[in-house]
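Trainee: show me the folded form of this:
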Amino acid sequence: MSIPQSGGGPIEHESQLAEYLASGCKPKDDWRIGTEHEKFGYCKDTLRPLPYEGERSILAVLEGLRDLHGWAPVEEGGKLIGLEKDGANVSLEPGGQLELSGGILETIHQTCDEVNEHLADVKDIADKVGVGFIGLGAAPIWRHEDMPLMPKGRYKLMDSYMREVGTMGQTMMRRTCTVQVNLDFGSEADMVQKFRVALALQPVATALFANSPFLDGKPNGHKSWRARVWRDLDAARTGMLPFVFDEGFGFEAYADYALDVPMYFVYRDGRYIDALGQSFRDFLRGELPALPGEKPTLSDWADHLTTIFPEARIKKFMEMRGADGGPWRRLCALPAFWVGLMYDQSALDAAWDIVKGWDAETRDALRVAASVDGLQAQVDGISMLDLAREVLDISEAGLKARARPGGGGMIPDETHFLGTLRESVESGKTPADELLERYHGDWQGDLSRIYADYSY
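Mentor: The predicted model follows:
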């Protein structure tokens, strides 16, 4: 989850909120790629989740990356809670999941190089201190009470609030991991088309990347339990945002929606001030109970935007949020999938042609079915497997049209990063299907074997 934002100075007019979003518009030559992924750490001898402090801990990993791999420390309240280097960040999710928020890069080749270097560095430190890391959408065995809460003020506030607004918020915080990609838009019209395609096709990403069929040590009946968790977390800040498909939607409409999402906090002088459930509209009037008489800055607005969690969202860029964390190869496949769809106009138009006739009920039904059945989902005559194959073809065509070479010019484009997804649509099996086969097959119900067989 996000670190404190630097959005700008005082808000003098409400129009600045939409203008802040619109300021992210860039010419196509300046469009970039930012990939984020999370992973679970555990002690190799006990297979227990990592505590924050100790010989085998999250802190030991952060300190190792700082001291041996040149990362600069990020602290809160005297605690090391993150790292920075070359425009990238390493941060902690609430339950100690380690997240890389990558730099702003031009190609998937660079993105994959970044992922490879990061995971190699993490493994170097992990091996030294006796811990491991695994990419899954949900913790397969650990219970809620097994997971430590990281020492970040934001998470302490969220943890208490999540108990009041849904049944699965604390599960999301402690026991799920995702991979996502952040992409640019060129204009308001471009943002709108991309946002609509992103929301409508997020269930396809959920199905292709489904990788969380276990919880509490046994199968949970879903291919993506992470996606199931997000359906019962906090209705005010999650979901498929049907208003995005309304005529006239744009930056102003999204800002209006965000204003009505209850606040979590205000960040001041290195600490998080409790504003749980309070209104940013009151803040604009100087009537926020947490800070009476004070009005917000654009940095406060930027922070507030990070507390909104729909399946896709915008800030000064767009985030695709529907995929489970997973194996090494799929960390490169997710940005390739979306870049192929979003960064070539012909591909984007073709994707829009597929989804433009769907209504909100169809989009919601696809979201639910993807989490339960993955690529085997069927909704109103729509086969998820056939849909995924068609969308993957469009993405591949988009990457070919981009023609961004790699490997010193030896690789003509970025299409090979879709290879693992192509294998899924050819076999009809997601990572979750493979895990379930192993569980019922050679593992003989011993889920502890997942760590040795699937860790990075």
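Trainee: for the rest of this, base every contact and every neighbour count on C-alpha atoms.
Mentor: Will do.
Trainee: centre of the chain to stretch 379-386, how far?
Mentor: Relative to the mean C-alpha coordinate of its chain, stretch 379-386 is positioned 25 Å out (CA atoms, centre = their mean, to the nearest Å).
Trainee: residues of it that come out buried?
Mentor: Of all the residues in stretch 379-386, those buried under the rule 16 or more other CA atoms under 10 Å are 379, 384, 385.
Trainee: could you list the low-pLDDT ranges of the protein?
Mentor: Counting by pLDDT under 70, the chain contains low-confidence residues at 1-3, 6-7.
Trainee: so who does residue 406 touch?
Mentor: With contacts defined as CA atoms under 8 Å, 6 or more residues apart in numbering, the neighbours of residue 406 are 109, 412, 413, 414.
Trainee: can you check residue 403 too?
Mentor: The neighbourhood of residue 403, defined by CA under 8 Å, 6+ apart, consists of 412, 413, 414.
Trainee: could you pick out the buried ones from these?
Mentor: The neighbour count (16+ other CA under 10 Å) marks 413, 414 as buried among the contacts of residue 403.
Trainee: closest to residue 182 among the contacts of residue 403?
Mentor: Using CA to CA, residue 414 is the member of the contacts of residue 403 that lies nearest residue 182, at 17.1 Å.
Trainee: gap between the nearest residue to the closest one once chain neighbours are set aside and residue 201?
Mentor: In this structure, residue 414 finds its nearest non-sequential neighbour in residue 399, 5.8 Å apart by CA to CA, 6 or more residues apart in numbering. As defined by CA to CA, to the nearest Å, residue 399 lies at a distance of 17 Å from residue 201.
Trainee: was I right about residue 388 contacting residue 423?
Mentor: No: using CA atoms under 8 Å, residue 388 is not in contact with residue 423; the gap is 11.7 Å.
Trainee: more neighbours, the two?
Mentor: residue 388 (23 against 12; other CA atoms under 10 Å).
Trainee: contacts only, for the more buried one.
Mentor: Residue 388 is in contact with 204, 208, 375, 425, counting by CA under 8 Å, 6+ apart.
Trainee: ok, now residue 88?
Mentor: Residues near residue 88 by CA under 8 Å, 6+ apart: 100, 101, 102, 103, 104.
Trainee: now it: how far from residue 34?
Mentor: Counting by CA to CA, the gap from residue 88 to residue 34 is 9 Å.
Trainee: overlap in contacts, those two.
Mentor: 101, 102, 103, 104.
Trainee: ok so, going back, so can I have JSON lines of the contacts of residue 88 showing distance to residue 255?
Mentor: As requested, the contacts of residue 88 are exported to JSON lines (distance: CA to CA, whole Å):
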{"residue": "100", "distance to residue 255": "28"}
{"residue": "101", "distance to residue 255": "25"}
{"residue": "102", "distance to residue 255": "26"}
{"residue": "103", "distance to residue 255": "26"}
{"residue": "104", "distance to residue 255": "25"}
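Trainee: let's see which of these end up in strands.
Mentor: 100, 101 (DSSP state E).
Trainee: show me where the stretch 151-300 of the chain has its strands.
Mentor: 178-183, 214-215, 218-219, 265-268, 271-274 (DSSP state E, counting those that start in this stretch).
Trainee: out of these, deepest packed?
Mentor: Highest mean neighbour count among the strands of the stretch 151-300 of the chain (mean count of other CA atoms under 10 Å): strand 178-183, with a mean of 24.
Trainee: thought residue 109 was touching residue 414?
Mentor: Yes: the pair residue 109 / residue 414 is scored as a contact, 7.0 Å apart, by CA under 8 Å.
Trainee: so the longest strand along the chain versus strand 178-183, what angle?
Mentor: For the chain, the longest strand by residue count, based on DSSP E, is strand 33-43. Strand 33-43 and strand 178-183 are oriented at 160 degrees to each other (axes from the mean of the first three to the mean of the last three CA atoms, to 10 degrees).
Trainee: C-alpha coordinates for strand 33-43, CSV please?
Mentor: Output in CSV follows, covering the C-alpha atoms of strand 33-43 (Å, rounded to 0.1, in the frame of the first residue of the first chain):
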residue,chain,number,x,y,z
ILE,A,33,5.1,1.3,-17.1
GLY,A,34,5.2,0.9,-13.3
THR,A,35,4.9,-2.6,-11.9
GLU,A,36,4.1,-3.6,-8.3
HIS,A,37,4.1,-7.0,-6.7
GLU,A,38,3.8,-8.4,-3.2
LYS,A,39,5.1,-11.7,-1.7
PHE,A,40,4.9,-13.6,1.6
GLY,A,41,8.0,-14.1,3.7
TYR,A,42,8.3,-17.1,6.1
CYS,A,43,10.9,-18.8,8.3
